[in-house]
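[1] All I have is the shape, not the residue letters:
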């Protein structure tokens, strides 16, 4: 039940320069949670070490406990089984999590107090909202392997969320994925520079097309 070790400051500094789309590309189109899991507010981002919570549908007892096991650097990742009859948390629990220093909460389920959560500037990702409150009977588990948004999450994995959704990077693949993500970032920056220059009349159309396009299209030529 103990928390996995926090990811290093060096890793988190590299993560801050990337986003979920670059990380998903670095994993060849994998790692994203279900598209219905979205942030309360599009201008927030979260990144940190997974602290996982497995809940009985509609019950948040173990989420309460996990909040007080968390600290700066951890993201609570909650398997609520996609339950849509009760909210797993609202502004009170989000306030407690923020006070504990937790980086954010990702829930495969619903939350409530939408307006209050938006004002908090605290990253919450969920499938939506409902006013019904949760049960508090358990059972549940903390720091076990879970499935959240159709994606497997191990305690200690890297969690990154932004306006596009949430991506999970397996801990053992983090350095390789960051290397690939950083290369993709440079590639995209170069493409944007060429496209901008093209609009100013400084390049022809061949300069702005991706380098791989001609090769991929060759097989469709008559």
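    Perfect, I can see it now. Source: prediction; values computed, not measured.
[2] and residue 28, how far is that from residue 181?
    When distances are taken as C-beta to C-beta, to the nearest Å, residue 28 and residue 181 turn out to be 12 Å apart. Where you see a C-beta, it was placed from the backbone N, CA and C, and this is true even at glycine.
[3] more neighbours, these two?
    When neighbours are counted by other C-beta atoms under 10 Å, residue 28 and residue 181 differ, and residue 181 comes out ahead with 23 against 8.
[4] What average pLDDT does stretch 93-101 get?
    The average of the pLDDT scores along stretch 93-101 is 98.
[5] Going forward, count from 775.
    Fine by me, first position is 775 from now on; the one you just mentioned is stretch 867-875.
[6] Identify each buried residue in it, please.
    Taking 16 or more other C-beta atoms under 10 Å as the neighbour-count basis, stretch 867-875 is seen to contain the buried residues 867, 868, 871, 872, 874.
[7] what residues does that stretch touch?
    Contacts of stretch 867-875 with the rest of the structure, by C-beta atoms under 8 Å, 6 or more residues apart in numbering, involve 834, 837-838, 841-842, 844-847, 850, 879, 887, 891, 894, 896, 898.
[8] Out of those residues, which end up buried?
    Buried positions within the contacts of stretch 867-875, assessed by neighbour count (16+ other C-beta under 10 Å), are 834, 837, 841, 844, 847, 850, 879, 887, 891, 894, 896, 898.
[9] Pull the contacting residues for the last one.
    By C-beta under 8 Å, 6+ apart, the residues touching residue 898 are 813, 814, 863, 868, 878, 879, 881, 885, 891.
[10] unless I'm mixing things up, the second one is touching residue 893, no?
    No - here residue 814 lies out of contact with residue 893, judged by C-beta atoms under 8 Å, at a distance of 9.7 Å.
[11] These two - which one has more neighbours?
    A count of neighbours by other C-beta under 10 Å puts residue 814 above the other of residue 814 and residue 893, at 24 against 12.
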